[in-house]
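*Asks:* got a predicted structure here, sequence first:
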Amino acid sequence: MIIEINPRHPQPRLIRRVVEALAQGAVVAYPTDTVYGIGCDIFSKSGIERIYQLKDRTRKKPLSFICSSLKDISRYAQVPDSAYRIMRKHLPGPYTFILEATKEVPRIMMSKRRTVGIRVPKNPICLGLVQELMHPIISTSANVNGSSPICDPKEINTKIGRVLDLTIDGGALPNVPSTVIDLTGESPYVIRAGKGPTDWVV
């Protein structure tokens, strides 16, 4: 099922409709400020299991998730002053930051290093979802493992819609993923270059 939501001014009733589904364990496709993501409530174990199966993804490769703000991030990750200054400058934006997890994060979400990948995208739709849900949502690209992300919601619905509960149509997006930066060390380290500039990383 496709639900069309205005990408600049998301209709509150439609956001609530999607959030009601997420609260019941739904897996949905939604736009970010980079590519389309597939997600569920971070506390939905059944939803997370479905995403791993859909993506044909190894459990050794943990899933990232979206928070609504820097304040929200501090609940789920340990944020030293140096990391806070970086994130305050670059979020919301097209970055995934790797941080040490707190006990609030479900074990299924963490790597062996007990780290997590966290995003705060500059996209009114996905931010509206996490704000209304009041929980983070999983963030993994809308594709099967090993294939390119699908950035047209109609194509998502055609190719993988049968294993999703909802697909949000927020318009087509360019196929450029987020930049992934590890903030667990003494200095930021670029794991993957993407849409977010990295010229500030020393």
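*Replies:* That came in fine, so what should we check first?

*Asks:* contacting residues for Lys45?
*Replies:* Shown in contact with Lys45 (C-beta atoms under 8 Å, 6 or more residues apart in numbering): Pro106, Ile108. C-beta here means a position set from N, CA and C on the backbone, and glycine is covered the same way.

*Asks:* how much space separates it from Gln24?
*Replies:* 13 Å (C-beta to C-beta, to the nearest Å).

*Asks:* ok, Arg88 next?
*Replies:* According to C-beta to C-beta, Arg88 and Gln24 sit 34 Å apart.

*Asks:* cool, and Leu129?
*Replies:* Taking C-beta to C-beta, one finds Leu129 at 14 Å from Gln24.

*Asks:* which one of those two has more residues nearby?
*Replies:* Neighbour count, other C-beta atoms under 10 Å: between Leu129 and Gln24, Leu129 has more, with 27 against 11.

*Asks:* can you map out the helices along this protein?
*Replies:* 12-23, 45-55, 70-76, 81-90, 124-133, 153-160 (DSSP state H).

*Asks:* need those in JSON lines with distance to Ser64, can you?
*Replies:* Compiled in JSON lines, these are given as follows (distance: least, C-beta to C-beta, whole Å):
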{"stretch": "helix 12-23", "distance to Ser64": "16"}
{"stretch": "helix 45-55", "distance to Ser64": "11"}
{"stretch": "helix 70-76", "distance to Ser64": "11"}
{"stretch": "helix 81-90", "distance to Ser64": "14"}
{"stretch": "helix 124-133", "distance to Ser64": "12"}
{"stretch": "helix 153-160", "distance to Ser64": "18"}
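
*Asks:* any idea which of these is most buried?
*Replies:* helix 124-133 (a mean of 22; mean count of other C-beta atoms under 10 Å).

*Asks:* can I get stretch 146-165 as PDB, trimmed to CA atoms?
*Replies:* Only the C-alpha atoms of stretch 146-165 are listed here, as PDB (Å, rounded to 0.1, in the frame of the first residue of the first chain):
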ATOM      1  CA  GLY A 146      24.000  -6.400  -2.500                       C
ATOM      2  CA  SER A 147      21.700  -4.400  -4.800                       C
ATOM      3  CA  SER A 148      21.500  -0.700  -5.300                       C
ATOM      4  CA  PRO A 149      19.000   1.300  -3.200                       C
ATOM      5  CA  ILE A 150      15.600   1.900  -4.800                       C
ATOM      6  CA  CYS A 151      14.800   5.600  -4.700                       C
ATOM      7  CA  ASP A 152      11.400   5.700  -6.400                       C
ATOM      8  CA  PRO A 153       8.600   4.900  -4.100                       C
ATOM      9  CA  LYS A 154       6.500   3.300  -6.900                       C
ATOM     10  CA  GLU A 155       9.400   1.000  -7.800                       C
ATOM     11  CA  ILE A 156       9.800   0.100  -4.100                       C
ATOM     12  CA  ASN A 157       6.100  -0.800  -4.000                       C
ATOM     13  CA  THR A 158       6.400  -2.900  -7.100                       C
ATOM     14  CA  LYS A 159       9.600  -4.700  -6.200                       C
ATOM     15  CA  ILE A 160       9.400  -5.300  -2.400                       C
ATOM     16  CA  GLY A 161       6.000  -3.800  -1.500                       C
ATOM     17  CA  ARG A 162       4.600  -7.300  -0.900                       C
ATOM     18  CA  VAL A 163       6.800  -7.700   2.200                       C
ATOM     19  CA  LEU A 164       6.200  -4.200   3.500                       C
ATOM     20  CA  ASP A 165       3.100  -3.000   5.400                       C
END
